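> quick one, fold the following:
(chains A and B)
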Amino acid sequence: GEQVEQLPSILRVQEGSSASINCSYEDSASNYFPWYKQEPGENPKLIIDIRSNMERKQIQELIVLLDKKAKRFSLHITDTQPGDSAMYFCAASYTGYQNFYFGKGTSLTVIP
Amino acid sequence: EAAVTQSPRNKVTVTGGNVTLSCRQTNSHNYMYWYRQDTGHGLRLIHYSYGAGNLQIGDVPDGYKATRTTQEDFFLLLELASPSQTSLYFCASSDAGGWNTEVFFGKGTRLTVV
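Numbers count the residues shown, from 1 in each chain, chains lettered A, B, ... in the order given. Model prediction:
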């Protein structure tokens, strides 16, 4: 199966600054890359995703970039707020898979 | 919103004990998954299923059995629980297997094996 590496595992940023989380994958066939946010004590929820026919996607303060040649994708949170403090998971998949492969997660803390 | 309900939410059992975790989804989704979440390991797939009666092995299946009795219900069985199985377990469902589809997670079951 696919292998997804996610870095950093822990990230602390000042409120109002940007936060970046990077993921890499191994299988060039992967073509769907979602990001999940898990708030403390809650279940993971989808916040943004990108497909392989795109290089960039933005939803409000969330930006996802995909570099297929390098097999890397990243999440950027601009103007971070305390409510952005959570665990974030990247994942990779493709039409031939029957499941998703998750990274190990990044614990983001936004310092007021 | 899509609903995935897990029970129990918390469970304590003894080493060697028998535990069943239950999951029901009302999303009419084909795929259901069992993950365990551990610090430093993220979400690891135990078993999954793409329909009633179907079972597929995930990445960390040792010590676990699963059964999909209906479209809605997916069970995870630990027949001889060990302390290494102390974890937070998530059930999830999705409409399709791996493309362009959201995975909906339950609230989780925290299992402690003493």
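> B:T70 and B:N54 touch, don't they?
No. With contact defined as C-beta atoms under 8 Å, B:T70 does not count as touching B:N54 (11.6 Å). C-beta coordinates here come from the backbone N, C-alpha and C atoms, glycine included.
> so which bits of chain B are right by chain A?
The interface of chain B toward chain A, taken as C-beta under 8 Å from any C-beta of the partner chain, is made up of B:31, B:33, B:35, B:40-45, B:48, B:50, B:56, B:58-59, B:90, B:97-100, B:102-103, B:105-108.
> what's near enough to touch the residue nearest the centre of chain B?
In chain B, the centroid-proximal residue (C-alpha atoms, centre = their mean) is B:W34; its distance is 2.5 Å. Taking C-beta atoms under 8 Å, 6 or more residues apart in numbering or on different chains as the criterion, B:W34 is in contact with B:21, B:23, B:45-48, B:58, B:64, B:66, B:74, B:76, B:89-91.
> just the CA atoms of the one helix or strand it maps to, as PDB, please.
Using DSSP states H and E, B:W34 sits within strand B:31-38. Output of strand B:31-38 as PDB, limited to C-alpha atoms (Å, rounded to 0.1, in the frame of the first residue of the first chain):
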ATOM      1  CA  TYR B  31     -17.300   1.100   2.800                       C
ATOM      2  CA  MET B  32     -16.700   0.900   6.500                       C
ATOM      3  CA  TYR B  33     -13.400   1.000   8.400                       C
ATOM      4  CA  TRP B  34     -11.800   0.400  11.800                       C
ATOM      5  CA  TYR B  35      -8.800   2.500  12.700                       C
ATOM      6  CA  ARG B  36      -6.800   2.700  15.900                       C
ATOM      7  CA  GLN B  37      -5.200   6.000  16.900                       C
ATOM      8  CA  ASP B  38      -2.000   6.100  19.000                       C
END
